[in-house]
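Enquirer: Predicted model follows, preceded by the sequence.
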Amino acid sequence: NSLIRYFEGGALATSRNQFKRGMVDAFGAAFDLGWTDGGAEMPPEADALAWLNSRVDAEFGFIDSLFSQIKGLRKEEDFDYFAFITARADGYISSVAGVYNAARMYAKKSQPLTWNLGNTEKHCDTCAKLNGKKHKASWYISRNYIPRQAGAAMECGGYKCDCYLTDKDGNTVTI
């Protein structure tokens, strides 16, 4: 809605700030859900909250960059802003899933998790090397190996990663 309002003539600062508030709400809700789905009690531990705060701060920077970019795009006469917004929405769905996954992993930090390749045809070297390996959730977190986490440390960056982690019983931990 923030992007649509801006492209339809809304003020830059108002739209950007609305977008930031929406991100904070979505990330917070996804994190809380991941934490409790991971089997932990509220409130989250300090290290988990520090990760979330760092992720939110990084996203603030990405949102500022996005609005700098669209300021120029709005001036283009035949720019298809709906297609642009749809692509950004897909990216943000992945970002929210990454926050959920991280919270769930933080909740299970001492539990062993197994890396499983997703259904993509070609996997990055990092994911391929991790396939079938078992490590504590904290090991994956400390290396920023979080499936679907935008900017993750895997060669694929996590952006289109559909790999997932399973617990000792074979239950999927990450979405």
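Expert: It's in.
Enquirer: just the strands in this structure please.
Expert: Taking DSSP state E to define them, one finds strands in the chain at 112-116, 134-136, 164-166.
Enquirer: Out of those, which is closest to Val173?
Expert: strand 164-166 (4.5 Å; C-beta to C-beta). Where C-beta positions appear, they are placed from N, C-alpha and C, glycine not excepted.
Enquirer: helices and strands around that closest one, which ones?
Expert: Packing partners of strand 164-166 (3 or more C-beta pairs under 8 Å, 6 or more residues apart in numbering; DSSP states H and E): strand 112-116.
Enquirer: circling back to that earlier point, mean pLDDT and distance to Asp125 for the strands of the chain - can I get that in CSV?
Expert: Below are these laid out as CSV (pLDDT from 0 to 100; distance: least, C-beta to C-beta, whole Å):
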stretch, mean pLDDT, distance to Asp125
strand 112-116, 97, 13
strand 134-136, 97, 17
strand 164-166, 96, 18
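Enquirer: for those strands, which one sits closest to Ser95?
Expert: Using C-beta to C-beta, the nearest of these to Ser95 is strand 164-166, at 16.8 Å.
Enquirer: contacts for the closest one?
Expert: Applying C-beta atoms under 8 Å, 6 or more residues apart in numbering, the contact partners of strand 164-166 are 105, 113-116, 118, 137, 140, 147, 172-175.
Enquirer: Farthest pair within the residues you listed?
Expert: Gly118 and Ala137 (18.3 Å).
Enquirer: okay if I get the contacts of strand 164-166 as JSON lines plus neighbour count and distance to Arg5?
Expert: Output for the contacts of strand 164-166, formatted as JSON lines (neighbours: other C-beta atoms under 10 Å; distance: C-beta to C-beta, whole Å):
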{"residue": "Met105", "neighbour count": "29", "distance to Arg5": "35"}
{"residue": "Leu113", "neighbour count": "24", "distance to Arg5": "41"}
{"residue": "Thr114", "neighbour count": "17", "distance to Arg5": "44"}
{"residue": "Trp115", "neighbour count": "22", "distance to Arg5": "41"}
{"residue": "Asn116", "neighbour count": "20", "distance to Arg5": "41"}
{"residue": "Gly118", "neighbour count": "13", "distance to Arg5": "35"}
{"residue": "Ala137", "neighbour count": "24", "distance to Arg5": "39"}
{"residue": "Tyr140", "neighbour count": "26", "distance to Arg5": "38"}
{"residue": "Pro147", "neighbour count": "27", "distance to Arg5": "33"}
{"residue": "Thr172", "neighbour count": "11", "distance to Arg5": "37"}
{"residue": "Val173", "neighbour count": "23", "distance to Arg5": "37"}
{"residue": "Thr174", "neighbour count": "26", "distance to Arg5": "33"}
{"residue": "Ile175", "neighbour count": "16", "distance to Arg5": "30"}
